[in-house]
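J.: The sequence and its predicted three-dimensional model are supplied below.
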Amino acid sequence: MTEYKIIRSNRKSVSINVTKDGVIVRAPSFADEKEIEIIVAKHQAWIEKNLLKLEKAKKELQNTQPLSFDEIKQLCHEAMNYIPQRAAYYAPVIGVKYGKITIRNQKTKWGSCSGKGNLNFNCLLMLMPPEVIDGVVVHELCHIKEMNHSKKFYEEVLKAYPDYYKWNNWLKENGPAIMMRMTG
């Protein structure tokens, strides 16, 4: 089984992230070691697939420089001008209202939605096709309606953005190489 690092916190469920630093398992403080081991074993194929993607991304990046602080700052500025326009366009299509939009330079996430409807987006989205950005924006806006990844959630996503899977697959294939350009 793949080696992994456990980070415990005040959370309700276990999540698994494959990053350039290895496999990170975030677990509730009360979670039993055996329970975590079973969950990791259950997701072993997914972990291995993502580790292979990461290796591919590392090879692609051998001739690519990490982004400088100034480049990241510029991407944040571009994202703050662009992404809120896309959220404003899609919110009425989906039938939701959102709170604050924040642009971050994250190492593991493309976007997130808080329980209060605040949206966070990764500045690295600006290195991607506009269709990918729209897919991430729609995904996060749909979380305002459905705070999960259920069938009903994806029905909402596809109603607003029928090409979602096409561009989400682009993100899955190309995203790791882009994410690895983040410095720090």
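T.: Great, that's in hand.
J.: Quick check: most distant residue from the centroid of this protein.
T.: The C-alpha centroid of the chain is most remote from residue 34, which lies 27.6 Å away (C-alpha atoms, centre = their mean).
J.: biggest strand in this protein by residues?
T.: In the chain, ranked by residue count with DSSP state E as the criterion, the top strand is strand 22-28.
J.: neighbouring strands for it, and are they parallel or not?
T.: Here strand 22-28 has these sheet partners by DSSP bridges: strand 5-9 (parallel), strand 15-19 (antiparallel).
J.: Just name the most buried of those.
T.: Highest mean neighbour count of the strands paired with strand 22-28: strand 15-19, a mean of 17 (counted as mean count of other C-beta atoms under 10 Å). For glycine as for every other residue, the C-beta is placed from the backbone atoms N, C-alpha and C.
J.: tell me the mean pLDDT over that one?
T.: Mean pLDDT, taken over the full extent of strand 15-19, equals 87.
J.: which residues are contacting it?
T.: With C-beta atoms under 8 Å, 6 or more residues apart in numbering as the contact definition, strand 15-19 has outside contacts at 4, 23-26, 39-40, 43, 46-47, 50-51, 53-54, 107-108.
J.: Just the ones in strands from those residues, please.
T.: Judged by DSSP E, the contacts of strand 15-19 include 23-26 as members of strands.
J.: where does the chain have low pLDDT?
T.: Counting by pLDDT under 70, the chain contains low-confidence residues at 57, 60-63, 183-184.
J.: Return the distance of the biggest helix by length in it from the chain's centre.
T.: Among the segments of the chain that qualify as a helix by DSSP state H, the longest is helix 69-94. Relative to its parent chain, helix 69-94 has a centroid offset of 15 Å by C-alpha atoms, centre = their mean, to the nearest Å.
J.: What is that helix packed up against?
T.: Using 3 or more C-beta pairs under 8 Å, 6 or more residues apart in numbering; DSSP states H and E as the contact criterion, the neighbours of helix 69-94 among helices and strands are strand 101-104, strand 119-122, helix 130-145, helix 151-160.
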